[in-house]
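Show me the folded form of this:
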Amino acid sequence: LKPATWAVAVLIVAYSLGTVERGIVWGSNLKLWTDATEKAPNRGELWNLLGVAYREQGDDAKALDAFHKAIDGDNNRTGRSYAKRNVALIYHGQNNLQRAKEYYLAAIEEQPDNPNAQYDLGVMYNMEARSIGEENDRQNQIGAKLDLAATHFAATVRLNPFHIRARWGLASVLAMQGRRLEKKGELRQAVVHYRSALVELDALIAQAPRFESRVQIQEERAIIAAALKRIAE
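A predicted model of the protein is given here:
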């Protein structure tokens with residue numbers, strides 16, 4: 001859901017005949033959307049906006065309740081996907097990673113072209129891959145998680161080519177996969193991943209020369225270039 005311009009316009013028309021107290025109610029987002037949901041309790045998009053207001057106040061319990069009502073109420077798929085992603089973000093912040101993943105996946109199932117949910121899931125799979133030990137019997141698990149992370153980062157970039165963090169995530173995952181493949185002696189596949197990582201890094205440098213991680217990006221690029229040279233020799 002985008003900023004609430006449309007919803008505010010609807011509310012202005014719908015509630016323009018309210019009492020003098022309306023000016024007080026509109027004093028904050030929380031009061032505004034609480035009032036709106038009381039008058040239109042089935043409007044899912046209003047519950048989304050109330051959930052955001054509660055999050056801004058740091059009240060995650062009430063935010064969760066509002067987002068669940070947004071999911072169950074009269075809403076379109078964009079609104080439901082938005083609500084499910086926000087539920088996931090709350091669970092993620094509470095370190096309830098399994099529930100967070102369930103809702104990220106549900107947000108994407110509701111609307112596959114939700115770039116933010118795609119990115120969040122990429123971050124989660126990347127974190128999971130990096131948390132797995134390097135024991136030989138767990139290498140396949142690491143590879144599978146990295147593949148999933150790359151898939152979701154790539155989907156984010158496809159939906160929003162200017163999503164800088166997703167492109168950086170994709171490049172990092174591809175580079176990590178390249179190093180793993182090189183270590184296993186699968187040099188042809190390692191080269192493919194390294195070159196793909198370079199493409200993303202070069203695009204990132206061109207798009208955001210002042211990106212906060214630019215030093216890391218240049219260092220990563222130098223490491224990959226050295227790896228490609230090493231393999232070629």
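
nearest spatial neighbour of the residue sitting nearest the centre point of the chain, skipping sequence neighbours?
Against the mean C-alpha coordinate of the chain, by CA atoms, centre = their mean, the closest residue is Asp120 at 2.9 Å. Using CB to CB, 6 or more residues apart in numbering and skipping residues adjacent in sequence, the residue nearest Asp120 is Tyr104, 5.3 Å away. For the C-beta atoms, the positions are set from N, CA and C on the backbone; glycine is no exception.

Report the residue spans of this structure with pLDDT below the cut-off.
Applying pLDDT under 70 to the chain flags residues 1-28, 134-137.

what residues go with each domain of it?
26-111, 114-233 (automatic domain parsing).

Most tightly packed of these?
domain 26-111 (a mean of 19; mean count of other CB atoms under 10 Å).

what ranges do the helices span in this protein?
5-14, 22-25, 29-39, 44-56, 60-72, 77-93, 97-110, 115-131, 139-159, 164-184, 187-207, 214-232 (DSSP state H).

so what does the fourth one touch, helix or strand wise?
If I follow you right, that is helix 44-56. Helix 44-56 sits against helix 5-14, helix 29-39, helix 60-72, helix 77-93, with contacts defined as 3 or more CB pairs under 8 Å, 6 or more residues apart in numbering; DSSP states H and E.

Of all the ones you listed, which one is nearest Ala149?
helix 77-93 (15.1 Å; CB to CB).

Pull the residues that contact that closest one.
The contact list for helix 77-93 (CB atoms under 8 Å, 6 or more residues apart in numbering) reads 1, 44-45, 47-48, 51-52, 55, 60, 63-64, 67-68, 70-71, 75, 97, 99-104, 106-108, 110-111, 114, 116-117, 120, 124.

hmm, try it at 7 Å
1, 44-45, 48, 51, 60, 63-64, 67, 70-71, 99-100, 103-104, 106-107, 110-111, 114, 116-117, 120 (CB atoms under 7 Å, 6 or more residues apart in numbering).

follow-up on the earlier one: can you lay out the helices and strands packed on helix 44-56 as TSV showing distance to Ala171?
Formatted as TSV, the helices and strands packed on helix 44-56 follow (distance: least, CB to CB, whole Å):
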stretch	distance to Ala171
helix 5-14	35
helix 29-39	37
helix 60-72	32
helix 77-93	23
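
I'd like to know how far the residue nearest to Asp120 sits from Trp168.
Distance of Tyr104 to Trp168, given as CB to CB, to the nearest Å: 19 Å.

Next: Asp60.
Relative to Trp168, and taking CB to CB, Asp60 is found at 28 Å.
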